[in-house]
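Visitor: no sequence on this one, just coordinates:
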């Protein structure tokens, strides 16, 4: 700044994120930060590359019952199942 004014600097340090607990079968999660459910499957699927999580949602907001394109990965009520990437799940306390 001109005219002798000094620039104020913030001394706050960004808070470190708490380490996320690992996703595990049977564990409670939030899918996309809004849909609570329980993990029933973690692994590879026949229709896409990489690791996926099969989640039974608490509410009927899903796309399946755990069977996708004729392959059963887990079992749950109709429209309670969803298959998502692990990054879309946040582990939460039961």
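Guide: Okay, I see it. Every value quoted in this text rests on a predicted model; they were computed, and no experiment measured them.

Visitor: C-alpha from now on. contacts and neighbour counts both.
Guide: Will do.

Visitor: Can you tell me how far residue 93 is from residue 26?
Guide: To residue 26, residue 93 is 12 Å away according to Cα to Cα, to the nearest Å.

Visitor: Equivalent analysis for residue 40, please.
Guide: Residue 40 is 6 Å from residue 26, by Cα to Cα.

Visitor: Just the residues contacting the longest strand seen in the chain, thanks.
Guide: For the chain, the strand with the greatest residue count under DSSP state E is strand 35-44. Contact partners of strand 35-44, identified using Cα atoms under 8 Å, 6 or more residues apart in numbering, comprise 23-31, 50-59, 61, 73-74.

Visitor: Buried residues of it, list them for me.
Guide: For strand 35-44, the neighbour count (16 or more other Cα atoms under 10 Å) marks 35-42 as buried.

Visitor: Quick one: those residues as a markdown table, columns for distance to residue 79 too.
Guide: A markdown table is the format used below for the buried residues of strand 35-44 (distance: Cα to Cα, whole Å):
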| residue | distance to residue 79 |
| --- | --- |
| 35 | 13 |
| 36 | 14 |
| 37 | 12 |
| 38 | 14 |
| 39 | 15 |
| 40 | 15 |
| 41 | 16 |
| 42 | 19 |
